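**Student:** Need coordinates for the below:
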Amino acid sequence: MAQHTAAAEDGRATSVAVQKPAAVPVWLAPERFEAADFSPDVCVADLRRYVHLPTVKAELQTFLLHLKNKLVEAINEDFGDYIALSSRLTGLEGAVVRMRQPLVDIQVKLCAVEDSVKAELQELQQGLQRRQDAVAARSTLELMQEVAASTGKVEKLLQEVGQQQTAALSRTAATGAARATAESSNGISSSSNEQLDNHCRILERVAGEAARLLYLAERGKQLAFVKTLERRVMGCRMNLDKQLQAALLAALRAHNWSAAVHCLRGYLELGEPGRAEEGLRAGLVGPLVADIVTQVKRQSTAAAGGGQRDSSSSALAQVVDQVLARLRSEAGPLLSQLCAAGSGLSGIDLLGAVLLAEVSQAVAEGMPGVFSPGNPSAFHQNYLAGQSLLDQLEGLAGSRAAVERLRGSSAAAGWAKRWNLAVYFSLVYQDIAGNFEAAAKASQLQLVEPEQQQQLGAYRLQLTISSSLWNSLQRALSPDVFLLQLADRFTKLCAQLLVRYDTWLLDVLQHSQQPPQQAAAAAGAGSPAAAGTAAGVAAG
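**Tutor:** Now for the predicted structure:
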């Protein structure tokens with residue numbers, strides 16, 4: 001009831017506040033005082049534009065007095081009810097006292113239950129923490145045991161593999177000179193191939209165990225016990241790498257592709273594809289490329305010594321064709337398996353890190369003149385042969401990802417850097433533009449012999465400079481000079497030739513429109529022949 005009375009009083013007070021008395025001027029607008037963004041400064045600044053400040057002050061004081069009177073009237077209306085309110089609340093204090101005790105009892109019981117629940121919760125959390133600590137300690141102990149057991153297992157396997165390899169070599173040495181001679185002439189026997197294949201298969205399994213050992217050692221590298229085993233782990237890794245490399249080289253030299261694949265998979269198990277690529281270069285691609293480069297150099301030298309046409313310009317093309325042909329014939333099964341999309345050997349970059357890198361290194365060391373742009377014609381042929389090598393390597397790729405990998409490899413970037421295209425274009429530019437400029441400066445309106453005039457559609461090129469322009473444009477775009485990688489520069493060269501020809505035509509027309517004396521005087525700075533020609537044109 002008290003709340004209802006207070007609300008009523010507030011409502012009446014509000015209505016009184018918003019009610020504008022008759023004496024208040026129109027411009028005062030009392031409702032603006034109730035706005036949420038009301039600002040006295042803004043209100044006064046707004047009113048002073050059309051009402052004097054003393055007038056505003058007087059009207060506000062009058063309105064304030066009116067509001068106070070209304071407030072007093074509102075209080076006096078309900079003052080009797082306010083005074084009688086205390087008489088109607090008799091006995092309320094006793095009821096509050098009687099209700100307080102049950103509430104206090106309930107509060108005490110709830111606090112006791114809360115303390116009990118908190119104690120149980122704390123004990124449960126402590127138990128869970130002890131359990132987590134025990135699980136972590138058990139996991140650490142199991143990790144330490146697995147590292148120790150795996151280290152011992154890998155060491156034992158490597159020792160057994162080494163003993164088997166030593167025994168096999170001893171048996172091979174005891175077969176006698178006759179059998180050794182027969183095997184060297186007929187190749188490695190089937191029993192030797194089978195032993196090598198079994199040996200490489202065992203090494204692949206050992207590589208799997210070693211990969212697990214390295215994983216466990218990496219997980220526990222912060223443990224003191226694991227740190228004491230680091231030397232043994234590194235010894236196992238180095239020993240396994242040595243045996244894998246020896247087995248891979250032996251398999252490649254024996255053309256035992258199955259054994260070579262086991263070794264390559266072993267390297268992938270260890271996460272070392274780079275070592276596999278080094279083995280492929282040393283045991284297969286390196287000797288093959290070196291032999292081909294030597295043969296091509298010998299043939300080029302013999303051809304040059306015999307007075308034949310120098311074939312050094314096509315030396316790189318011969319190397320590229322022979323490398324890929326011999327690689328397919330000698331190691332076709334291995335090449336197919338390495339390039340296949342689902343062979344599991346995609347981690348090895350055969351095309352870029354092995355083939356392209358080895359060819360680039362061998363050619364740079366054995367035939368460095370191939371990359372020299374000093375002879376533009378030979379450089380052009382060699383560059384096309386180099387691009388042909390990239391195209392053929394991309395043709396061997398078994399997937400689009402392999403092609404992108406080849407294009408983005410460091411070997412492809414190094415191969416591209418060996419070709420100095422800027423110097424090549426500079427030499428070609430000097431040759432083509434120099435010849436045309438010489439023809440433009442030689443003489444004006446010099447005619448070509450009728451039997452030497454070139455036919456251009458329905459027209460014949462009768463001027464020497466026109467024929468020279470056409471020859472320069474044809475040469476700039478000829479297959480023996482033009483390179484797609486320099487298409488923008490050759491296009492610019494053709495445009496420059498046309499601009500130079502246009503400038504020459506304007507110059508000739510300017511001289512032809514002058515009197516003979518002015519034409520001779522203007523051409524006096526040039527050659528006498530040019531001056532005479534210009535004068536003759538003007539006179540004609």
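**Student:** Give the residue spans of the protein that score low on pLDDT.
**Tutor:** Applying pLDDT under 70 to the chain flags residues 1-24, 167-191, 303-313, 442-462, 513-540.
**Student:** measure the residue nearest the centre of it to Ala416 for me?
**Tutor:** The chain has Gly408 as the residue nearest its centroid, 9.0 Å off, counting by CA atoms, centre = their mean. Look at Gly408 and Ala416: by CB to CB, to the nearest Å, they are 12 Å apart. C-beta: built from backbone N, CA, C; applies to glycine.
**Student:** What is the neighbour count of Leu338?
**Tutor:** 24 (other CB atoms under 10 Å).
**Student:** Please disregard the earlier target; I meant Ser336.
**Tutor:** 14.
**Student:** Can you name the helix or strand that it falls in?
**Tutor:** helix 315-339 (DSSP states H and E).
**Student:** Show me how far that helix is from its chain's centre.
**Tutor:** For helix 315-339, the distance from its own C-alpha centre to the chain's C-alpha centre is 30 Å (CA atoms, centre = their mean, to the nearest Å).
**Student:** what do you get for stretch 289-297?
**Tutor:** Relative to its chain's centre, stretch 289-297 lies at 36 Å (CA atoms, centre = their mean).
**Student:** So for that stretch, what gets flagged as buried?
**Tutor:** For stretch 289-297, the neighbour count (16 or more other CB atoms under 10 Å) marks Val289, Ile292, Val293, Val296 as buried.
**Student:** Put together TSV for those, with secondary structure and distance to Trp257 on each row.
**Tutor:** Formatted as TSV, the buried residues of stretch 289-297 follow (DSSP: H, G, I helix; E, B strand; the rest coil; distance: CB to CB, whole Å):
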residue	secondary structure	distance to Trp257
Val289	helix	19
Ile292	helix	21
Val293	helix	25
Val296	helix	27
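**Student:** now Asp502, what's its secondary structure?
**Tutor:** helix (DSSP: H, G, I helix; E, B strand; the rest coil).
**Student:** As a check, name the ranges of all strands in the chain.
**Tutor:** Using DSSP state E, the strands of the chain run over 454-456, 459-461.
**Student:** Just the buried residues of the helix holding Ser336, please?
**Tutor:** Neighbour-count burial for helix 315-339, counted by 16+ other CB under 10 Å, picks out 315-324, 327, 331, 334-335, 337-339.
**Student:** other SSEs contacting it?
**Tutor:** Here helix 315-339 touches helix 257-270, helix 286-305, helix 357-366, helix 376-396, going by 3 or more CB pairs under 8 Å, 6 or more residues apart in numbering; DSSP states H and E.
**Student:** just checking, what packs against the shortest one?
**Tutor:** Packing contacts for helix 357-366, counted by 3+ CB pairs under 8 Å, 6+ apart, involve helix 286-305, helix 315-339, helix 410-417.
**Student:** Export the ones you listed as TSV, with columns for distance to Ala487.
**Tutor:** Rendered in TSV, the data for the helices and strands packed on helix 357-366 read as follows (distance: least, CB to CB, whole Å):
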stretch	distance to Ala487
helix 286-305	31
helix 315-339	22
helix 410-417	16
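**Student:** any idea how far Gln392 is from Val51?
**Tutor:** 97 Å.
**Student:** so who does Leu356 touch?
**Tutor:** By CB atoms under 8 Å, 6 or more residues apart in numbering, the contact set of Leu356 is Leu389, Leu390, Leu393, Leu406, Ser409, Ala411, Ala412, Trp415.
**Student:** Please list only the buried members of the residues you listed.
**Tutor:** Leu389, Leu390, Leu393, Leu406, Ser409, Ala411, Ala412, Trp415.
**Student:** Output those as a markdown table; include the columns distance to Ala433.
**Tutor:** Formatted as a markdown table, these follow (distance: CB to CB, whole Å):
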| residue | distance to Ala433 |
| --- | --- |
| Leu389 | 32 |
| Leu390 | 31 |
| Leu393 | 36 |
| Leu406 | 37 |
| Ser409 | 37 |
| Ala411 | 36 |
| Ala412 | 33 |
| Trp415 | 30 |
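**Student:** Quick check: the farthest pair among the contacts of Leu356?
**Tutor:** The two members of the contacts of Leu356 with the most space between them (CB to CB) are Leu389 and Ser409, at 13.6 Å.
**Student:** biggest helix in the chain by residues?
**Tutor:** Across the chain, the longest stretch assigned as helix under DSSP state H is helix 92-173.
**Student:** Give the buried residues for stretch 111-118.
**Tutor:** Using 16+ other CB under 10 Å as the test for burial, stretch 111-118 gives no buried residues.
**Student:** circling back: tell me the most buried of the helices and strands packed on helix 315-339?
**Tutor:** Sort those by mean neighbour count, taking mean count of other CB atoms under 10 Å, and helix 257-270 sits at the top with a mean of 24.
**Student:** what about it, distance to the chain center?
**Tutor:** Helix 257-270 has its C-alpha centroid displaced from the chain centroid by 29 Å (CA atoms, centre = their mean).
**Student:** if we can go back for a sec, relative to Leu268, which of the helices and strands packed on helix 357-366 is closest?
**Tutor:** helix 315-339 (11.5 Å).
**Student:** relative to helix 257-270, how tilted is that closest one?
**Tutor:** Going by axes from the mean of the first three to the mean of the last three CA atoms, to 10 degrees, helix 315-339 is angled at 70 degrees with respect to helix 257-270.
**Student:** what angle do helix 315-339 and helix 286-305 make?
**Tutor:** With the same axes, to 10 degrees as the basis, helix 315-339 and helix 286-305 are set at 160 degrees to each other.
**Student:** which residues are contacting helix 315-339?
**Tutor:** Under CB under 8 Å, 6+ apart, the answer for helix 315-339 is 255, 257, 260-261, 264, 284-285, 288-289, 292-293, 295-297, 299-300, 343, 345, 348, 350-351, 355, 359, 363, 367, 370, 381-382, 384-386, 388-389, 392, 396-398, 402.
**Student:** could you give the angle of it to helix 376-396?
**Tutor:** 10 degrees.
**Student:** what's the angle between helix 315-339 and helix 357-366?
**Tutor:** Interaxial angle, helix 315-339 versus helix 357-366 (the same axes, to 10 degrees): 160 degrees.
**Student:** circling back to that earlier point, could I get the helices and strands packed on helix 315-339 in a markdown table, plus columns for distance to Phe38?
**Tutor:** Below are the helices and strands packed on helix 315-339 laid out as a markdown table (distance: least, CB to CB, whole Å):
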| stretch | distance to Phe38 |
| --- | --- |
| helix 257-270 | 79 |
| helix 286-305 | 91 |
| helix 357-366 | 82 |
| helix 376-396 | 78 |
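**Student:** how close does Val154 get to Glu278?
**Tutor:** As judged by CB to CB, Val154 and Glu278 stand 22 Å apart.
**Student:** Comparing these two, which residue is more hemmed in?
**Tutor:** Val154 (25 against 17).
**Student:** I'd like the distance between the more buried one and Ala331.
**Tutor:** Computed as CB to CB, the Val154 to Ala331 distance reads 31 Å.
**Student:** Equivalent analysis for Thr90, please.
**Tutor:** 114 Å.
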